Structures are given as C-alpha cells and as structure tokens.
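Student: the following block contains a protein sequence and its predicted model.
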Number of protein chains: 2
Amino acid sequence: MTKSYSPAPASTAELPEKEQVALKLWVTLARAYAAVEEHARDDARAEGLSLAEFGVLELLHHRGQTLLGDIQKRVLVSSGGTTFLVDKLVEKGFVERRECEEDRRSRYATLTREGERLMRRIFPRHARRIERALRGLGGTEQRDATRLMRKLGLAAAASSMADG
Amino acid sequence: MTKSYSPAPASTAELPEKEQVALKLWVTLARAYAAVEEHARDDARAEGLSLAEFGVLELLHHRGQTLLGDIQKRVLVSSGGTTFLVDKLVEKGFVERRECEEDRRSRYATLTREGERLMRRIFPRHARRIERALRGLGGTEQRDATRLMRKLGLAAAASSMADG
DNA sequence: ATATCATATCTCACTACTGAGATACACACG
DNA sequence: CGTGTGTATCTCAGTAGTGAGATATGATAT
C-alpha cells in the first residue's frame, strides 16, 4: 500500500540547543508579527489601502517629501513594487511625484493636500489601535522588546550582507 | 503654484507616550521580522519553494499528517491559500492528501517519501542558517525575546477577537 | 426524519506584489 | 570630451497569494 506511508514525525530534539532556541524565537517572532500585522492591515483596509500603501503614506506624513529609493528601503518592497505603490497612491489622489533637481534619475514622492488630510484623520486612530494591540506588554516590557528587536534586526540584516 | 504644496512633516511627539512607545515597538518588530524572513526565504527559494510552501513542509515534517484546517491556522494563510499551497506541493511530489475517516469534510496532508527525504536533507541547514541570523542576540536575550514575543503575540491575537 | 446552523475544503476572479531587464542619468577616468 | 561603470526608476510578464461564495458534510433540536 503506497497510501500508508507514514513517517515518524521528526523532532527538533536532536538539534544543537542553540539552534532549538533560535528556531523557537523565529517561530514566536513570526506569530507575534502576524498578530499585530492583522490589526494594522485592518486599519489600512478600512480606508481601502493595502498595508504597504498605508506604510508609504505614513512615511511621507512623518518625513515629508521622500525619494522613491528611500521609500523602497523603508517600506521594504521591491523596486517595481515602489513604482506600483506610488502609481496607485497617485491615482487615488493622495500622493504626487516631483522631479529631483540635483539628480534627474531620482523622483520624490510627497503627500497631496488630500493625502495629508487623510493621514491627519486616520493616523491618531491607528496609533491608538496599535497601542491597544500591544497592551499585552507593559511599558518596560515594550521598551525591552524594542531594544531586543532592534539588536536582532540589525544583526540579521548585517548577516545577510555577509553570506549573500 | 499647486506643485509647491509642502506640508511640515508631522511628528509623533504630540501623541501620548504610550502610543509612541507602542508604535516604535511595532516598527522595530516589523524590521526585525523582515530581516530574519529574508534568510528563511532565501533558504526556501534555493529549493524552488515559497516561504509558505516551506512552512507547510516544515509543519508536516515535525507533526506528521495534519488536517488542512490546522495547516491554515499554523502557516497563517487564507482558506484558498491552503488549498493552493497543498496543490502545488502535491504537484511537486512532496505531499499527498488523505481522507479523514472521522470527518469526511476534512482532509489530511502528509509528506510523501520524497518530501520526507527533502526535509531531512534541507532542514538541518535551515536550522543552522536561522541560528546564524539570530546570533546578534545571546542565549539569554533570545529566551527573553521569545518570552516577550509570545506574550505579545497572544495578547494581540486575543485583542483581534475583542474588537473584530 | 428534517430543518437549521456550523464547519471544512474547494473554486475562481481578482490583486498585490516580485524580479529581471530596459531606459535614463551621474560620475570618474583616460 | 567619450567611454565605461554604477545607480534610480520604470516596464512587464509572471506568481503567490486573498476572500467571497459554492459545495459537502456534521451536529443539534424539534
């Protein structure tokens, strides 16, 4: 019977302890991220925006006019994705492109008045919602978690450089 | 000149401190997640798998035969996505579906011999790579981070239930 | 039995991207 | 100058999903 093949489940118990601890952290991190992301995504969707679109608007709201390349780095999308996101936000009337005088290959994206008005309206609600979503950790725990995540993120990004 | 609209960038300084701390954690968490995800994604791609496909294989490798609904919950994809992922893994010869005797609406997915062989080959390398990616945190820090992320994830998921 | 409601998977039209290559510009050097 | 190399955005075909509804089965109450 081909159908009855049923391997014994593998356990991580045979791995070095360091690897077990690291895998556990990775899984837990992914779950935590997904749980919070759901809140942020809902919030964006309530305005007909994808999470990435919302991220671009948030970035422009807080930094003002920004080069597309910087948007790409901060919102963590591909080069094509950046063009796509900005195009959609332009269509929706929230963003416009501007030429960059110093380097004519580059473009800025900036909020339109309407985009600015949108963010003023929805950002405070978003901040409250994120605060509620993270309330499971107290203030000190949140600061500890931030410190650890920053350290982890920087090191993991650096180690990407190292091994390609 | 319509083109010269250039709003002052908004700062988060006017938000309540709790919200500032929470937003900072959320941004830092997202960056850390993305940095580690890149390693995991590269690893999966080296075998021609998406990260979600790899996640399914990993789950089946460690748990054995699993109901599609449980896969959906653990790998964090939509219902349609689960069908899609399992279909693709079946095409590739790594997974097969089985009927569930107790509930004929349900199906199990399980690794084929070939799928089992694949995971035995690549999982140890994956574990090493994740361990290297997370090396920025020491053992104690990793355990602390895991505890905080678990607490955060559970609370954030629960608070989704609460407000819909 | 049968009606009702809940749950599990599947279908399918749609969307949000990705990534490789194209194009346009910048900059340094002979 | 030109020429070569690097960088920023854009194009476009393709992929990996989403999510609402369809279908099938299960559970419960009358």
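Tutor: Received, thanks.

Student: ranges for the strands of chain A?
Tutor: Assignment of strands within chain A using DSSP state E yields the ranges A:66-67, A:95-99, A:107-111.

Student: wait, does the shortest one contact DNA strand D?
Tutor: Yes: judged by Cβ under 7 Å from any atom of the strand, strand A:66-67 comes into contact with DNA strand D through residue A:67. No exception for glycine: its C-beta is placed from N, CA and C like everyone else's.

Student: counting by contacts, list what that strand packs against.
Tutor: Using 3 or more Cβ pairs under 8 Å, 6 or more residues apart in numbering or on different chains; DSSP states H and E as the contact criterion, the elements in contact with strand A:66-67 are strand A:107-111.

Student: pairing partners for the strand it packs on, with directions?
Tutor: Strand A:107-111 has its sheet partners listed here by DSSP bridges as strand A:66-67 (antiparallel), strand A:95-99 (antiparallel).

Student: just the buried residues of the last one, please?
Tutor: Of all the residues in strand A:95-99, those buried under the rule 16 or more other Cβ atoms under 10 Å in any protein chain shown are A:95-96.

Student: so that strand, near DNA strand C or not?
Tutor: No: contact between strand A:95-99 and DNA strand C is absent, the nearest approach being 9.8 Å (criterion: Cβ under 7 Å from any atom of the strand).

Student: stretch A:94-108 near DNA strand D at all?
Tutor: Yes: shown here: stretch A:94-108 in contact with DNA strand D (Cβ under 7 Å from any atom of the strand) through A:97, A:103, A:105-107.

Student: list of residues touching that stretch?
Tutor: A:56-57, A:60, A:65-69, A:86, A:89-90, A:109-112, A:114-115, A:118, B:3 (Cβ atoms under 8 Å, 6 or more residues apart in numbering or on different chains).

Student: any of the residues you listed buried? List them.
Tutor: If we count by 16+ other Cβ under 10 Å, these have these buried: A:56-57, A:60, A:66, A:68, A:86, A:89, A:109-112, A:115, A:118.

Student: count of residues packed around the residue of chain A found nearest DNA strand C?
Tutor: Scanning chain A for proximity to DNA strand C using Cβ to the nearest atom of the strand identifies residue A:80 as nearest, at 1.9 Å. Look at residue A:80: counted by other Cβ atoms under 10 Å in any protein chain shown, it has 9 neighbours.

Student: need the contact list for it.
Tutor: Residue A:80 makes no contacts at all, as judged by Cβ under 8 Å, 6+ apart.

Student: likewise for residue A:128?
Tutor: Taking Cβ under 8 Å, 6+ apart as the contact definition, residue A:128 lies against residue B:19.

Student: what about it, distance to residue A:40?
Tutor: In this structure, residue A:128 lies at 12 Å from residue A:40, with Cβ to Cβ, to the nearest Å as the measure.

Student: residue A:21 too?
Tutor: Distance from residue A:21 to residue A:40, counting by Cβ to Cβ: 28 Å.

Student: got it, and residue A:82?
Tutor: Remark: distance between residue A:82 and residue A:40 (Cβ to Cβ) = 19 Å.

Student: what of residue A:126?
Tutor: 7 Å.

Student: what does residue A:131 give?
Tutor: Per Cβ to Cβ, residue A:131 is found 12 Å from residue A:40.

Student: repeat for residue A:151
Tutor: Relative to residue A:40, and taking Cβ to Cβ, residue A:151 is found at 23 Å.

Student: same question for residue A:49.
Tutor: Spatial separation of residue A:49 from residue A:40 under the definition Cβ to Cβ is 11 Å.

Student: got it, and residue A:25?
Tutor: Look at residue A:25 and residue A:40: by Cβ to Cβ, they are 22 Å apart.

Student: just residue A:147 next, same as before
Tutor: Taking Cβ to Cβ as the criterion, residue A:147 is separated from residue A:40 by 22 Å.

Student: tell me which of these two has more neighbours.
Tutor: A side-by-side neighbour count of residue A:147 and residue A:40, using other Cβ under 10 Å, places residue A:40 first with 19 against 14.

Student: ok now do the more buried one, which residues does it touch?
Tutor: If you count contacts by Cβ under 8 Å, 6+ apart, residue A:40 has them with A:51, A:54, A:126, A:129-130, B:26.
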